[in-house]
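# Here is my input, please return the structure:
(chains A and B)
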Amino acid sequence: MAGRLLVRGMVAGILAACLAFLFARIFGEPQVNLAIAFESARDAAAGEAPEPELVSRTVQASFGLLTASIMCGAAYGGIFATAFSVAYGRIGRLSPRALSVLLAGLGFIVFALIPDLKYPPNPPAVGNGATIGLRTTVYFEMIALSVGAGAIAVLLCALLIRKLGQWNGILASIALFIAVIAVAQWRLPDINEVPTDFPAVVLWRFRESSIGMQAVLWTTLGLVFGPMAERVLSSSLGRTPRRSH
Amino acid sequence: MSQTFSQVQTLPAPVAIPLRAIAPWAIFGLLLSMLLIYFTGAEQGATSLIAGHAVHEFVHDGRHLLGFPCH
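Residues are numbered from 1 along each chain as shown, chains lettered A, B, ... in the order given. You can find the predicted model right below:
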């Protein structure tokens, strides 16, 4: 059963990635192009030769972006389905569809929102090539801490609900999550490599489109996976899925 | 509306999947997912398994827009 859920999670992730690709293509690509124009103008002013195009911009903005989105969507879908398999029947009495939406919301928070608050996405021309090692390390550390803190908060939630009641127990576990994240983000190094003359509007629009792309991906994942999981879970009990409308 | 709520109440309680049945799929799924995220987010950036810049350049826009540090 976990295997069938895993396959469906990855398929839902790929479908979600296709929608996220469309969003990024329409709202993100214009900002990427503006940032690359800034980079080229800066390099030309400094008298540097333009970088050779190994992969053309057209391919990067179409098949490249689609491939990257699908790989990432399939990966998030796989992790999501694994979390769903463990959480189903263990978090209250939530139906497959309700649990799917809840977990997708949590996935968006721990995989996208929290890491982006500390290390926001950057367009081309922002970022010093010499620090790529450090930036990659701390970015993945931030994701790991955020996912870990989220998992601990969910596990402790049941205990806190028993001690404090449903409302206060859930609030207490959210407070615990926020406290852990606040300490982690305070301790991790700050990174600011935005060139002083980089247009603020391009940076803002780029970051908006980036978080928007993640919102589209996780929302679609949560809504598409629920009905798929419902069919798997009810067919294994030898029943046809109940129509609720 | 009240009918909808009473229907929700009568749904059978969800039956958890035994952790032992999930474990092998969880290991497989998480490893595969981490490999996919590595190639989308980090290959030929901070570290490199394949020589050159082709992978990096191909996923370039996705890496930026999905929030990974690119270069």
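
# Now do the buried residues in the host helix or strand of A:F23.
Assigned by DSSP states H and E, A:F23 belongs to helix A:2-23. Counting neighbours by 16 or more other CB atoms under 10 Å in any protein chain shown, one finds that the buried residues in helix A:2-23 are A:2, A:4-17, A:19-21, A:23. Where C-beta positions appear, they are placed from N, C-alpha and C, glycine not excepted.

# near chain B, which of those residues show up?
A:A2, A:L5, A:L6, A:G9, A:M10 (CB under 8 Å from any CB of the partner chain).

# Quick check, pLDDT for residue 40.
You didn't say which chain, so I picked chain A. Predicted confidence (pLDDT) for A:S40: 90.

# Hmm, no, I was thinking of chain B.
pLDDT, read off for B:T40, is 91.

# Enumerate every residue touching it.
B:T40 makes contact with A:A68, A:M71, A:C72, A:A75, B:V59, B:G62, B:R63, B:L66, B:F68, according to CB atoms under 8 Å, 6 or more residues apart in numbering or on different chains.

# Enumerate every residue touching the second one.
Right, A:M71. So A:M71 contacts B:L36, B:I37, B:F39, B:T40, B:V59 (CB under 8 Å, 6+ apart).

# and the residues you listed as CSV, adding secondary structure and distance to A:A130?
Converted to CSV, the contacts of A:M71 look like this (DSSP: H, G, I helix; E, B strand; the rest coil; distance: CB to CB, whole Å):
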residue, secondary structure, distance to A:A130
B:L36, helix, 28
B:I37, helix, 24
B:F39, helix, 23
B:T40, helix, 23
B:V59, coil, 21
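
# Who wins on neighbours among the residues you listed?
The most crowded member of the contacts of A:M71, judged by other CB atoms under 10 Å in any protein chain shown, is B:V59 (28 neighbours).

# Tell me the pLDDT of it.
pLDDT, read off for B:V59, is 93.

# ok, and the closest non-adjacent residue to it?
Of all residues not flanking B:V59 in the chain, A:A68 sits nearest, at 4.0 Å (CB to CB, 6 or more residues apart in numbering or on different chains).

# Counting neighbours, what do you get for that neighbour?
Around A:A68 there are 28 residues (other CB under 10 Å).

# What of the one 10 residues further on?
Around A:G78 sit 26 other residues, with neighbours defined as other CB under 10 Å.

# in terms of contact, does it touch A:G9 like I think?
Yes - between A:G78 and A:G9 there is a contact under CB atoms under 8 Å: 5.7 Å.

# if I look at these two, which residues touch both of them?
Jointly contacting A:G78 and A:G9 under the rule CB under 8 Å, 6+ apart are B:G29.

# pull the helix or strand with minimum mean pLDDT from chain B.
helix B:2-10 (a mean of 53; mean pLDDT, DSSP states H and E).

# tell me the SS of residue 25?
Using chain A. Secondary structure, DSSP: H, G, I helix; E, B strand; the rest coil: A:R25 is helix.

# Can you name the residues that contact it?
So A:R25 contacts A:A61, A:S62, A:L65 (CB under 8 Å, 6+ apart).

# so B:F39 touches B:V55, yeah?
Yes - if you go by CB under 8 Å, B:F39 and B:V55 touch, sitting 6.7 Å apart.

# quick one, helices of chain A?
A:2-23, A:29-45, A:57-59, A:65-87, A:96-107, A:114-118, A:132-164, A:166-187, A:200-235 (DSSP state H).

# circling back to that earlier point, most widely separated two among the ones next to chain B among the buried residues of helix A:2-23?
Comparing all pairs in those by CB to CB, the longest separation belongs to A:A2 and A:M10, at 12.7 Å.

# so where's chain A uncertain?
A:236-245 (pLDDT under 70).

# First-to-last residue distance for stretch A:40-56?
15 Å (CA to CA, to the nearest Å).

# Residues in contact with that stretch: which ones?
Residues outside stretch A:40-56 that contact it (CB under 8 Å, 6+ apart): A:G64, A:A125, A:P195, B:H53, B:A54, B:E57, B:F58, B:H60.

# dump the residue contacts of the residue of chain A found nearest chain B.
Nearest residue of chain A to chain B: A:A68, at 2.3 Å (CB to the nearest CB). By CB under 8 Å, 6+ apart, the contact list for A:A68 reads B:T40, B:F58, B:V59, B:D61, B:G62, B:R63, B:L66.

# A:V194 contacts A:V126, correct?
Yes - between A:V194 and A:V126 there is a contact at 5.2 Å, judged by CB under 8 Å.

# Centre-most residue in chain A?
In chain A, the centroid-proximal residue (CA atoms, centre = their mean) is A:A112; its distance is 3.7 Å.
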